[in-house]
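K.L.:
Next come a sequence and a model predicted from it.
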Amino acid sequence: MNWWLWALAAVGALLIVTTVYDVVQKRHAILRNFPIIGHLRYLLESFGPELRQYIVSDNDEERPFNRNQRRWVYATAKRENPYFGFGSDNRLDADGYVFFRHSAFPVSSDAAHGELRAAKVLGAWRNRPGAFRPDSVVNISGMSYGSLSGPAVEALNLGAAGAGCLHNTGEGGISDYHRHGADLVFQLGTGYFGARDSEGRFCMDTFLASLDSAPVKAVELKLSQGAKPGLGGVLPAAKVTPEIAEARGVPVGVTVRSPNHHPEFDGIAGLVDFVERIADASGVPVGIKSAVGDRRFWTELASHMAGTGRGPDFVVVDGGEGGTGAGPLTFTDHVSLPFRVGFAEVYQAFAEVDLNEAVMFGGSGKLGFAPDAMVAMALGADLINVGREAMMAVGCIQAQRCHSGRCPTGVATQSKWLTRGLDPASKSGRVANYVAGLRQELRMLAEAMGEEHPSLVDPAAVEMRIRRGELMPILDAVGYSTAAKEARIALGDVARDARVFADSTAALGAG
């Protein structure tokens, strides 16, 4: 037998062994689903930076997340080196660029690595029986089972449990994949999945049964989201599997449609009544999540709450940059305000009626990086919710096929073949590492600015470059009124008095 035949046989045997190994291993979803092509991807990726340096995009051009951002998430999730060498390759003179004024005398706290509790007690304003202080300022945003695969949801839940953060269920109800140890925020969308009757209307008995079946710490009423504000949704019959049907409380194999508005109310008074009705029945804090459009809604809501002493315990603002849900291009690109502008409008509405201390504020929409999260907290956010960044920790490679059902990593698909490549046990550790890593960088940034907690950082120390190269404090740059600025700065003083960064139970909003 010629030597080349022996060589060919050896290569063939090696290919067979390698392929079998790739199919059964659980670390890499790409190799498990595509054992041959997957190696080609990793080979190209290995010398990709050298190719891109000359002929392809640079590290900051890609959208929605550039290469540097993705690399940081992957490295942090895998506990690899997240540092970058040879200085910044950003345009530091670009309009909109943010700078943090570090202190000449940084501080160092005694907190454990990756720990960062919230500054306020959620539900304290309305004295809810289930009021609590969140253990983490970083939490998993609402992504439902159905839009994400079961293994992906399970990995997120296990990771949230490991990181000690909250896991938002998304509007698809509470599935078995949500029951792996993490505390939940039960999201109610316009379809009331997991809380509906046979006609699709809200049912209190079904709602309470869902709460009793899982560790639900809070309820979030979703008015809209950044990816598709003002739109309902359609879940095709083919996707309504027995598992999804059980979680959502709908018939198997029947198309499910969500309206673009809540059938239970059609005005601010009705919204507040519905929030209080849910809170009274459940005892847990109840809040709302919304993208920002109509400015009058927020001023009238804040005024109504101040006048009646009733209403949501928390408000989550989703920026137009958000994108865990697929939507029409017109809506994803042009409807709902970007986070910084939208949050500024909402926060000012509450600050002008002295409710900014009582209500807890959350933010979402590409905030899963320390600079963006710190800006959000300087504006007044108390909690940061991460969606696509957590998906990347699970294994998402930004293939942008979420709407097609053919996500190659098994994250945003219901394909049995593709989801088999995602092992929840191994991916959950990466989620926990990412959340802890983001909290750690937030704390490090705050300490460099002379404070022990991001909520204590003076907003004046966060500046944005605007036209003609000027630097402007972030509150001025996004248009805070004098009254709103004073209210935000005063809140920092209250936080300092409460020493929110300590392990004690003292916190903003308590009592």
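P.N.:
Alright, I've got the coordinates.

K.L.:
CA only for contacts and neighbour counts going forward, please
P.N.:
Fine.

K.L.:
The nearest residue to Val138 once chain neighbours are set aside is in what secondary structure piece?
P.N.:
Leaving aside its chain neighbours, Val138 sits nearest to Ile384 (4.8 Å; criterion: Cα to Cα, 6 or more residues apart in numbering). Assigned by DSSP states H and E, Ile384 falls within strand 383-386.

K.L.:
Let me know whether the residue nearest to Val138 touches Ser136 as I believe.
P.N.:
No: contact criterion Cα atoms under 8 Å: Ile384 and Ser136 do not qualify, at 9.0 Å.

K.L.:
out of these two, which sits in the busier spot?
P.N.:
Neighbours per residue (other Cα atoms under 10 Å) separate Ile384 from Ser136, with Ile384 holding more: 29 against 22.

K.L.:
pLDDT score for the more buried one?
P.N.:
For Ile384, the pLDDT comes out at 97.

K.L.:
what about it, distance to His167?
P.N.:
12 Å (Cα to Cα, to the nearest Å).

K.L.:
Show me the common contact partners of the two, please.
P.N.:
Asn139 (Cα atoms under 8 Å, 6 or more residues apart in numbering).

K.L.:
Give me the distance between the two termini of stretch 343-358.
P.N.:
Across stretch 343-358, the terminal residues are separated by 17 Å (Cα to Cα).

K.L.:
OK, contacts around Ala237?
P.N.:
Val252, Gly253, Val254, Thr255, Val256.

K.L.:
hmm, back to that, elements contacting the following helix or strand past the strand holding Ile384?
P.N.:
Next helix or strand after strand 383-386 toward the C-terminus (DSSP H and E): helix 388-394. Other elements packing on helix 388-394 under the criterion 3 or more Cα pairs under 8 Å, 6 or more residues apart in numbering; DSSP states H and E are helix 67-77, helix 150-163, helix 424-448.

K.L.:
average pLDDT for stretch 64-77?
P.N.:
Mean predicted confidence for stretch 64-77 is 88.

K.L.:
ok, and the most crowded of the contacts of Ala237?
P.N.:
Ranking those using other Cα under 10 Å puts Val256 first, with 19 neighbours.

K.L.:
Identify the residues contacting it.
P.N.:
With Cα under 8 Å, 6+ apart, Val256 has these contacts: Val234, Leu235, Pro236, Ala237, Val250.

K.L.:
Please spell out the segments of the stretch 351-500 of the chain that come in under the pLDDT threshold.
P.N.:
492-500 (pLDDT under 70).

K.L.:
can we see that at 50?
P.N.:
Regions of the stretch 351-500 of the chain meeting the criterion pLDDT under 50 cover residues 499-500.

K.L.:
Now do the strands in it.
P.N.:
360-364, 383-386, 462-465, 471-473 (DSSP state E, counting those that start in this stretch).

K.L.:
what's the closest non-adjacent residue to Phe265?
P.N.:
That would be Leu271: by Cα to Cα, 6+ apart, it lies 5.7 Å from Phe265.

K.L.:
does the one you found count as helix, strand or coil?
P.N.:
Leu271 carries the three-state label helix when classified by DSSP: H, G, I helix; E, B strand; the rest coil.

K.L.:
Surely it and His261 touch.
P.N.:
No: applying Cα under 8 Å, one finds Leu271 not in contact with His261, separated by 11.4 Å.

K.L.:
rewinding a little: what residues are up against the residue nearest to Val138?
P.N.:
Counted by Cα under 8 Å, 6+ apart, Ile384 has contacts Val137, Val138, Asn139, Gly362, Gly363, Ser364, Leu367, Gly368, Ala373, Ala376.

K.L.:
and Phe100, backbone torsions?
P.N.:
Phi and psi for Phe100, reported as degrees, to the nearest 10, are phi -110, psi 120.

K.L.:
Would you agree it is in contact with Ala460?
P.N.:
No: using Cα under 8 Å, Phe100 is not in contact with Ala460; the gap is 9.3 Å.

K.L.:
For the residue nearest to Val138, give the beta-bridge partners.
P.N.:
Ile384 forms beta bridges with Val138, Gly363, as assigned by DSSP bridges.

K.L.:
Can you tell me how far it is from His28?
P.N.:
28 Å.

K.L.:
farthest-separated two in the contacts of Ile384?
P.N.:
Largest separation among the contacts of Ile384 by Cα to Cα: Asn139 and Ala376, giving 14.1 Å.

K.L.:
one step back: would you turn the strands of the stretch 351-500 of the chain into JSON lines with distance to Gly319?
P.N.:
Formatted as JSON lines, these follow (distance: least, Cα to Cα, whole Å):
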{"stretch": "strand 360-364", "distance to Gly319": "6"}
{"stretch": "strand 383-386", "distance to Gly319": "11"}
{"stretch": "strand 462-465", "distance to Gly319": "18"}
{"stretch": "strand 471-473", "distance to Gly319": "21"}
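
K.L.:
Deepest-packed of those strands, please.
P.N.:
Among those, strand 360-364 has the highest mean neighbour count (mean count of other Cα atoms under 10 Å), at a mean of 28.

K.L.:
could you redo the contacts of Val256 as JSON lines and give each row distance to Leu456, pLDDT and secondary structure?
P.N.:
Formatted as JSON lines, those follow (distance: Cα to Cα, whole Å; pLDDT from 0 to 100; DSSP: H, G, I helix; E, B strand; the rest coil):
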{"residue": "Val234", "distance to Leu456": "43", "pLDDT": "70", "secondary structure": "strand"}
{"residue": "Leu235", "distance to Leu456": "44", "pLDDT": "71", "secondary structure": "strand"}
{"residue": "Pro236", "distance to Leu456": "47", "pLDDT": "71", "secondary structure": "coil"}
{"residue": "Ala237", "distance to Leu456": "50", "pLDDT": "73", "secondary structure": "helix"}
{"residue": "Val250", "distance to Leu456": "46", "pLDDT": "86", "secondary structure": "coil"}
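
K.L.:
Need the buried ones from these selected in PyMOL.
P.N.:
Buried residues within the contacts of Val256, by 16 or more other Cα atoms under 10 Å, are selected in PyMOL with:
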select buried, resi 250
